[in-house]
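In: quick one: sequence and predicted model below, then my questions.
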Amino acid sequence: MQRIELDDQTADKLATQASALGLTIAEYLKTLVPPTPHRDAPVASLEELEAELDKLVLDLPTLPSDFSRADIYNEHD
């Protein structure tokens, strides 16, 4: 188990917030830190990731073939 040192004011604030939620300080701190993925969690293959990304692609028009940097910065000369 790791230990952290806090000043008294911070410790009191954490205790107050935890108590208001009916939690111990340790339980309350766990709600503030996002869970870390398990090392044994399955890893998606490249094909699976590409399939997920394909679902997110919107059917938008493409840029014109003559689109250039000047089209972006023409108002900032």
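Out: Perfect, I can see it now. Computed from a predicted structure; not experimentally measured.

In: other residues contacting the longest helix anywhere in the chain?
Out: Using DSSP state H, we find that the single longest helix of the chain is helix 8-20. By C-beta atoms under 8 Å, 6 or more residues apart in numbering, the surrounding residues in contact with helix 8-20 are 6, 24-25, 27-29. The C-beta positions use only the backbone N, C-alpha and C, and glycine is treated the same way.

In: of the residues you listed, just the buried ones, PyMOL syntax please.
Out: The PyMOL command for the buried members of the contacts of helix 8-20 (criterion: 16 or more other C-beta atoms under 10 Å) is given here:
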select buried, resi 28
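
In: tell me the centre residue of the chain?
Out: The centroid of the chain falls nearest to residue 34 when counting by C-alpha atoms, centre = their mean (9.0 Å).

In: look at it and report its pLDDT.
Out: pLDDT for residue 34: 79.

In: ok, residue 13 next?
Out: pLDDT recorded at residue 13 is 93.

In: now do it: how many residues are near it, please.
Out: By other C-beta atoms under 10 Å, 12 other residues sit near residue 13.

In: just to revisit the earlier point, which of the contacts of helix 8-20 sits closest to residue 65?
Out: residue 29 (55.2 Å; C-beta to C-beta).

In: same for the helix or strand containing that closest one, what does it pack against?
Out: For residue 29, the element it lies in under DSSP states H and E is helix 25-32. Secondary-structure packing of helix 25-32 (3 or more C-beta pairs under 8 Å, 6 or more residues apart in numbering; DSSP states H and E): helix 8-20.

In: what residues sit buried inside the helix it packs on?
Out: Those would be residue 18, for helix 8-20 by 16+ other C-beta under 10 Å.

In: tilt between it and helix 25-32?
Out: If you take axes from the mean of the first three to the mean of the last three C-alpha atoms, to 10 degrees, helix 8-20 sits at 90 degrees to helix 25-32.

In: how far does helix 8-20 sit from the chain's center?
Out: Averaging C-alpha positions (C-alpha atoms, centre = their mean, to the nearest Å) puts helix 8-20 26 Å from its chain's average.
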